[in-house]
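> Return a 3D structure for these sequence lines:
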Amino acid sequence: MRLLRYIAMVAVGLLALACEPKPYIPQPPQGTADHTVIMYLAGNNNLQTYLEDNVQDVIWSVDASTPGDNGRIVIYFRSRPSSGDPMLLQVYYDKKLATVQCDTLRTYPATMSSSDPATLSAVVADAKVAAPAKEYSMIFGSHATGWFTEVCMSRGSLTRPLSVGFSSPNDGSFWKQHGDEITRTFGMDGKITYEGATIDDPGMNITEMARALSGTKFRALIFDACFMASVEAVYDLRNVADYVIASSAEIMGRGMPYDLVLQYLFTSGGTEGNLMKYCSEYMRYYKELASGRKSGTISLVDCSKMEALATAVAKVEQGGLNEVNSYDVQAFELLDESQFFDMEHFYDLAAKDRSAYAAMQNALIDCVVYKGYTPTVFSAFGYGVFEVERSCGLTMNIPSATYALFRSEWLKTAWARRIGRTE
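Got it, this is the predicted structure:
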């Protein structure tokens with residue numbers, strides 16, 4: 001009898017254990033989303049702390065509606081090797097716990113370079129497997145120099161453009177650090193050895209970036225990096241994205257206020273309208289900044305209108321150009337000899353065929369659907385501010401005989417060839 005009672009007690013105990021709920025383990029969203037945003041943050045440089053803050057801002061911005069049931073956020077973050085291996089994260093909101101979760105999807109070898117197009121392709125592929133969606137957007141955070149090629153940056157720098165090797169001292173750097181005044185001038189990843197000298201990684205060419213992204217047509221490419229509203233760079237990216245958001249000038253080290261703008265990538269409604277809100281909120285943030293530099297420019301470019309713009313510019317070029325002193329054109333940095341100029345201002349001064357110029361203005365209005373800027377903008381090149389008197393939202397290079405290397409590389413760009421420039 002005692003044995004039966006004992007067996008009965010054990011049975012009751014086992015039944016109680018079986019009925020106890022198992023500990024709840026948050027699970028990332030499953031299935032195909034409407035929209036996945038992939039952040040590609042290359043921080044193996046002096047922007048590491050700022051990019052870490054950006055990740056934290058993203059985490060703070062996530063709630064039940066951002067990214068919502070039909071959105072996903074995946075972050076590739078490459079810190080300095082001493083700070084850990086590159087990783088791919090997924091940030092999501094768990095409704096049951098009412099908390100934000102951040103899962104590590106995978107890590108990558110510390111030797112991997114974020115400036116390698118193969119790395120970019122691999123990260124995009126991994127993100128698409130982890131967070132499949134009907135549409136994708138990408139945010140790039142790091143240093144950048146617009147259209148300027150790896151050859152330009154490895155054989156010299158924007159601050160010393162006449163260098164053709166390393167037989168003489170060379171600073172090998174095209175971003176400058178002055179205390180907290182750091183700007184994001186894409187893809188510098190530590191140091192490399194070039195022609196026997198150790199220099200800052202020159203990054204990937206925009207043409208290489210376009211090829212690495214070519215398997216996907218992105219809703220938007222957003223550059224939290226300097227000088228990427230370069231007509232030469234955007235033209236290279238025109239076939240891989242519907243829209244590009246970028247800056248004509250340098251972006252301050254703190255970058256984009258993701259806790260304010262990220263929501264607009266997941267809000268219902270029209271894509272263009274939401275991207276315009278993204279840009280206007282960015283500008284509001286920098287115009288109303290309580291501490292730090294009130295400095296910023298931003299453009300929203302409709303890539304489907306880039307060919308029409310190129311056709312219009314080519315007609316202006318065919319009509320002949322007046323000689324223009326580059327110092328008379330609105331520039332977007334404080335280099336000794338500027339390299340990023342307002343495109344509309346240049347052709348306003350240079351175009352002989354005024355009807356062709358007027359047609360180009362209309363094409364620009366169609367193409368650049370939002371442009372914003374603070375009255376003055378900071379430049380780490382020269383460590384000062386300059387006034388923005390006019391901006392069409394796209395910059396261009398004015399080739400100079402003084403900088404033969406830059407000129408020869410510019411003439412190789414798809415944009416230069418498309419508008420008929422040969423010399």
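> hey, let's count contacts and neighbours off CA atoms from now on
Noted.
> Which secondary structure state does R284 sit in?
helix (DSSP: H, G, I helix; E, B strand; the rest coil).
> mind checking how far it is from S295?
Distance of R284 to S295, given as CA to CA, to the nearest Å: 11 Å.
> Spell out which residues are contacts of both of these two.
Shared contacts of R284 and S295, defined by CA atoms under 8 Å, 6 or more residues apart in numbering, are absent.
> and the two? which has more neighbours close in?
S295 (22 against 15; other CA atoms under 10 Å).
> mind listing what that one touches?
By CA under 8 Å, 6+ apart, the residues touching S295 are I251, M252, Y286, K287, Y373, T374, T376, V377, F378.
> Could I get the full set of strands for the stretch 101-250 of the chain?
133-141, 191-194, 197-200, 218-224, 241-246 (DSSP state E, counting those that start in this stretch).
> would a markdown table of the ones you listed with distance to F148 be doable?
Formatted as a markdown table, these follow (distance: least, CA to CA, whole Å):
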| stretch | distance to F148 |
| --- | --- |
| strand 133-141 | 17 |
| strand 191-194 | 17 |
| strand 197-200 | 15 |
| strand 218-224 | 15 |
| strand 241-246 | 15 |
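> all helices of the protein, in order?
2-19, 48-61, 117-130, 150-154, 206-213, 231-237, 258-261, 271-287, 306-318, 343-350, 354-367, 404-411, 414-418 (DSSP state H).
> Pick the most deeply packed of those helices.
The highest mean neighbour count among those, using mean count of other CA atoms under 10 Å, belongs to helix 231-237: a mean of 24.
> got the contact list for it?
Outside helix 231-237, the residues touching it (CA under 8 Å, 6+ apart) are 146-147, 206-207, 210, 228, 244, 303, 306, 394-396, 413-416.
> Quick check: beta-bridge partners of the most centrally placed residue in the chain?
Nearest to the mean C-alpha position of the chain, by CA atoms, centre = their mean, lies F223 at 1.9 Å. Under DSSP bridges, the beta-bridge partners of F223 are F140.
> quick one on the thing from earlier: tell me the one among the contacts of helix 231-237 nearest to Q339.
Nearest to Q339, judged by CA to CA, of those is M396 at 7.9 Å.
> List the contacts of the closest one.
S230, V231, E232, Q339, F340, F341, D342, M343.
> Need the residues you listed in CSV (columns: pLDDT and distance to T311).
Shown next, in CSV, are the contacts of M396 (pLDDT from 0 to 100; distance: CA to CA, whole Å):
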residue, pLDDT, distance to T311
S230, 97, 17
V231, 98, 13
E232, 97, 14
Q339, 91, 23
F340, 95, 21
F341, 98, 20
D342, 98, 18
M343, 98, 14
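> how does this structure divide into domains?
33-303, 305-368+376-418 (automatic domain parsing).
> which one of the ones you listed has the lowest average pLDDT?
The minimum mean pLDDT among the domains of the chain belongs to domain 33-303 (a mean of 84).
> how far out from the middle of the chain is it?
4 Å (CA atoms, centre = their mean, to the nearest Å).
> same question, stretch 382-401
On CA atoms, centre = their mean, the centre of stretch 382-401 falls 19 Å from the chain's centre.
> can you give me the end-to-end distance of stretch 26-38?
21 Å.
> Enumerate the positions of it that are buried.
With burial defined by 16 or more other CA atoms under 10 Å, the residues of stretch 26-38 counted as buried are P26, P28, P29, T32, A33, H35, T36, V37, I38.
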